[in-house]
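Asks: sequence first, then the predicted structure, then my questions.
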Amino acid sequence: MNWIIDDIYSAIMQLKRWQTWLVIGLIGIFAGLAYLLVSFAFRTDDILIYLHRTAGACRELTNGTIIAMFCGMIFFLFTALLTLGEFQRYFQFKQQAAHHQTRQALTWGIGWGITAVSIAVGALLFFSSYCR
């Protein structure tokens, strides 16, 4: 029974670290961007438009734009995961005092994060110009 108390204590101790809150913040930002993108994507769904379940009026998408959006969603997911992975590497290398690898992981993490946010913002701009 003591192992449950130890696990709860270690979880509380983990919440006192700034690294935990940084990762929670990154996950929150990526989840918020994904939510906004999904809400716009549902407005363009033909079945939902036919059933009159959408609030906005959007033009009909062509096959090319649908494929581009699908690929964009996949690349957004991959870059978001790469960002989280690079920050995890950064924290590990910082604990080991590996300065070169720490700097390299931080650079890659920031680069992948900017790429993920750029993909999401680009998709949001596309949807906002595509829908009324």
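Replies: Okay, I see it.
Asks: which residues touch stretch 119-132?
Replies: Contacts of stretch 119-132 with the rest of the structure, by C-beta atoms under 8 Å, 6 or more residues apart in numbering, involve 30, 33-34, 36-37, 40-41, 43-44, 56-59, 61, 69, 72-73, 75-76, 79. Placement of C-beta: from N, CA and C, glycine included.
Asks: can you say which of those are buried?
Replies: 30, 33, 36-37, 40-41, 43-44, 58, 61, 69, 72-73, 76, 79 (16 or more other C-beta atoms under 10 Å).
Asks: low-confidence ranges, this structure, go.
Replies: 45-58, 132 (pLDDT under 70).
Asks: give me the most central residue, it.
Replies: Phe30 (2.7 Å; C-alpha atoms, centre = their mean).
Asks: so which pair among the buried ones among the contacts of stretch 119-132 is furthest apart in space?
Replies: Cys58 and Thr79 (25.7 Å; C-beta to C-beta).
Asks: coming back round to it: tell me which of the buried ones among the contacts of stretch 119-132 fall in helices.
Replies: Phe30, Leu33, Leu36, Leu37, Phe40, Ala41, Arg43, Met69, Gly72, Met73, Phe76, Thr79 (DSSP state H).
Asks: tabulate the residues you listed in TSV, adding columns for distance to Leu125.
Replies: Converted to TSV, these look like this (distance: C-beta to C-beta, whole Å):
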residue	distance to Leu125
Phe30	18
Leu33	12
Leu36	11
Leu37	11
Phe40	10
Ala41	14
Arg43	15
Met69	13
Gly72	12
Met73	15
Phe76	14
Thr79	17
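Asks: re earlier: surely the residue nearest to the centre of the chain meets Gly113?
Replies: No. In this structure, Phe30 is not within contact of Gly113 by C-beta atoms under 8 Å, at 9.1 Å.
Asks: anything in contact with each of the two?
Replies: Thr83.
Asks: now Phe87: closest residue in space that isn't a chain neighbour?
Replies: Nearest non-adjacent residue to Phe87, counting by C-beta to C-beta, 6 or more residues apart in numbering: Gly109, 4.7 Å away.
Asks: oops, could you answer that again for Phe91 instead?
Replies: Gln19 (5.3 Å).
Asks: the one you found touches Gln92, doesn't it?
Replies: No. Checked against C-beta under 8 Å, the pair Gln19 and Gln92 is beyond contact range at 10.4 Å.
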